[in-house]
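Q: have a look; sequence and predicted model below, questions after that.
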Amino acid sequence: MTTTPSKEALVIILDVSSSMKHQSQTSVEDAKKAVLMLVQNKMLYCKSDEVGLVLMGTRETKNPLHAEFKQGYNNISVMHDVDVPNMEFFKAINNIQCEGQEADLMDAIVVATDQIHRRVGAKKYAKRIFLVTDAGNEVKNKSDLKTVLTAIQRHGITLFVIGLDFQDDPDETGEDEDEWETDTIKRSNERVLYFLTKQVGGLVIPVHSALQTLATLRSRTILQRTVFRDTLSIADSVHIPIWGYLKTQAVTMPSLKKSSGKAKEAGVDGENAVRMERTYFSVDDPDEEVDPDKKIKAYQYGKSWVPFSKVDVEVLKFTSQRGMKLIGFASADKIHRDHFMGSCYCFIPAPGDEYAARALSALVHAMYEMQRVAIVRYVRCRNAQPMLAVLHPCIKTDTEFFYMNYLPFSEDLRHFQFRSFDSVKNSQISNEQFAAAEHLITKMNLMKADMTETDEDGEGTEALKPKNVFNPVVQHFYQGIRHRALHPDEPLPALDQSIASYSLPWQENGILRDLLSSCEPALQAIREQFPITPADTGTGKEKKKYWFAGDNTAINLESYAQAEKPLFDEEFEPAVKKHKGNYFDSNDPHSLNTSSLNTSSAHHTNKPSVDILSNKISTVGTVNPVKDFNDMFNRRDEDLVDKAIAEMQAVIRQLLRDSIGNQLYQKAADCIVALRAGCIREEESEQYNGFLRNLKQIHSVGRRSEFWDQYIKAKDITLIHQAEAGDTDVTPSQAQKFLVEDEAPMRQPSMERPEADVDDILDELE
């Protein structure tokens, strides 16, 4: 299999002869700009490639062939040998001037070919020559054309010509050979260059087209190298040889090295790079230097550090053998795209292996037809970490292969919980709101947003294709480097127009500007159908955050599809009855009831309320109910919202029942405030409002009326209304009237008080 060379040797021939001197200043500057852009693209995107520069038409003659043969190849100078370009070479190009001497095009091409041969020899390099010229000087050695062509072909060199004021290719214009006799020197030379480039697989490019192409945004050249060469093991006796290639990978910002500004100001030659040297000293004796070989690694375990010697570190390493082993198959719709990790790879059968090609093709087609994916264990190289991966079959016109993505292990997953849309009923969204949203989606369709290119029906084509959209941060960084290299004292330029056209919303002549302009009516309809107004806090300041609200993280799950329970009828305390007898002992991590120590007790339970390892609260206790409630609300590994609300309501009722006088009234009021804040946050307003209405019916009159009047009504703890949450029908005025209007008293259901509860409350009062 032919492999792509990893490096390129490029020689640029710049014409500075008499004909170029008679060109306009703009044409000469364009020629120099083309050379600059060729070099800078190599420096930025292909840092291992090597570039040489040959000047044709100089006053002096400076090239190895002239020095060797003592004649010929006159007025041709090698300004830079084929090597990795540096800043000195890049800056020197700006100072090149047309010297106006006669020189032969063929001689310049021969010198450039010799430069490549001397540097590369038999090494595997891609080889190219770029000739930047107006072809205005007479080619005196036309008889050498065949020899030059043979030399270029023998060395595998491709010739490209960037022409100034070139006419069209004579083969394309259909010129007769009779017209050749009347050709000017320039036109005759153009014919020669057109012929040469076709014979060696090159092109003749007008200078303005070359500049436009070179200025086009591009990414770094990535060599097609395999990352895996082994087998796909389906069973002990079935192994398919495969090769793997990297398909996608996130590009990082180029690394910057430190340079000494003081050394540069002092005129010190060189790069003035800053090198870091580390010296270790003893903790016990700061003056004693420690040999780096005497260091030992240690890992933190709690507050302690556990030392590991080099031998221990080697033992800790996981050993594995390179390979890919099939674990099994799964339905394609069961593998979620949000589980894909890292880069994407593609795997093909080993080139030249007919058995591998047939076997992999059969497997790919079978999986594609059955809509299955393969789950594999993948080890990239020896002793690398084994990875869980998924293989997706892909069939194209001329090949079949697999795409591979990494899958997460349990430790890689993040079990976050987010607010559910269950509280937003379909009945709350009008047909007009649905229509406005659909219209916005239709108008912002990227598949027809690019009007610079149209299809057969005159409609736009797909906009923002990934292959045409470059990272604006990386490209602007490269742009700044180019500018600073040539103009070190000038400020950095603004964002390039080609980048801004798709990265800034309202950039002139940008794709996003046209798209947003066309959908402005749809956006206006969204504003009208979904009005958003800032909440008036009355103070003009940010809403006060209470400590009991935790970190205000909106936590909710989609598990609210539980059967609705009548919470406020005669059997309004099912949670209390469920936990009767052990509510303040086994389910409360903060309280201790000696009666629960009796293992024969009917109320004894083994179910813990706290995860011993993680100290996660799973029950609202009576000692610190607000903290328990908020901890349960903030749990990310399990949905405890409904449970926390029910248990907080039960605790509030328990505190009111067991309060001696007004001893526990303030604690109960704090619990109600915390319950209210939590229900607003999780959009559970109806649970809170129903509970508060029931509480008012029971305690607004009678022996606990003091609690309602002084701790609820006086502190304006009312219903949750529409200004605070969107899941309630209670208006602010109704919420205010709720505290003023009297309720018909409701007979409190009789409940036997557990002895354990009395002990718990008395323990707290002490």
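A: Happy to help now that I have it.

Q: now the helices for the stretch 51-200 of the chain?
A: Across the stretch 51-200 of the chain, reading from the start of the chain, the helices by DSSP state H, counting those that start in this stretch fall at 64-69, 87-94, 105-120, 145-154, 170-173, 185-199.

Q: and for the stretch 401-550 of the chain?
A: With DSSP H, counting those that start in this stretch as the criterion, the stretch 401-550 of the chain has helices at 431-443, 472-486, 497-503, 511-518, 520-529.

Q: quick one: which of the ones you listed is nearest residue 693?
A: Distances from residue 693 to each of the helices of the stretch 401-550 of the chain were compared by C-beta to C-beta, and the smallest falls on helix 431-443, at 31.2 Å. C-beta: built from backbone N, CA, C; applies to glycine.

Q: now for that closest one, which elements pack on it?
A: helix 520-529 (3 or more C-beta pairs under 8 Å, 6 or more residues apart in numbering; DSSP states H and E).

Q: okay if I get the helices of the stretch 401-550 of the chain as CSV plus distance to residue 288 and mean neighbour count?
A: Below are these laid out as CSV (distance: least, C-beta to C-beta, whole Å; neighbours: other C-beta atoms under 10 Å):
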stretch, distance to residue 288, mean neighbour count
helix 431-443, 70, 13
helix 472-486, 45, 16
helix 497-503, 56, 17
helix 511-518, 63, 16
helix 520-529, 70, 14
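
Q: could you dump those to a markdown table with distance to residue 17 and mean pLDDT?
A: Compiled in a markdown table, the helices of the stretch 401-550 of the chain are given as follows (distance: least, C-beta to C-beta, whole Å; pLDDT from 0 to 100):
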| stretch | distance to residue 17 | mean pLDDT |
| --- | --- | --- |
| helix 431-443 | 58 | 90 |
| helix 472-486 | 25 | 83 |
| helix 497-503 | 34 | 77 |
| helix 511-518 | 44 | 79 |
| helix 520-529 | 58 | 90 |
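
Q: mind putting these in CSV, distance to residue 130 included?
A: Putting the helices of the stretch 401-550 of the chain into CSV (distance: least, C-beta to C-beta, whole Å) gives the following:
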stretch, distance to residue 130
helix 431-443, 47
helix 472-486, 19
helix 497-503, 23
helix 511-518, 33
helix 520-529, 48
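
Q: out of the ones you listed, nearest to residue 665?
A: helix 431-443 (45.6 Å).

Q: between the closest one and helix 520-529, how big is the angle?
A: Helix 431-443 runs at 150 degrees relative to helix 520-529, counting by axes from the mean of the first three to the mean of the last three C-alpha atoms, to 10 degrees.

Q: with just CA atoms, put helix 431-443 into CSV.
A: Once non-C-alpha atoms are left out, helix 431-443 reads as follows in CSV (Å, rounded to 0.1, in the frame of the first residue of the first chain):
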residue,chain,number,x,y,z
ASN,A,431,-52.5,26.9,19.6
GLU,A,432,-51.1,30.3,18.8
GLN,A,433,-48.0,29.6,20.9
PHE,A,434,-47.5,26.2,19.2
ALA,A,435,-47.8,27.9,15.8
ALA,A,436,-45.3,30.6,16.7
ALA,A,437,-42.7,28.1,17.8
GLU,A,438,-43.2,26.0,14.7
HIS,A,439,-42.9,29.0,12.5
LEU,A,440,-39.6,30.0,14.2
ILE,A,441,-38.1,26.6,13.6
THR,A,442,-39.1,26.6,10.0
LYS,A,443,-37.7,30.1,9.3
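
Q: use 42 as the first number from now on
A: Sure thing, new numbering starts at 42, so read that last one as helix 472-484.

Q: what's in contact with that helix?
A: Surrounding helix 472-484, the residues in contact under the criterion C-beta atoms under 8 Å, 6 or more residues apart in numbering are 559, 560, 562, 563, 564, 566, 567, 569, 570, 571.

Q: what do you get if the cut-off is 10 Å, keeping everything else the same?
A: The contact list for helix 472-484 (C-beta atoms under 10 Å, 6 or more residues apart in numbering) reads 467, 470-471, 490, 556-557, 559-571.
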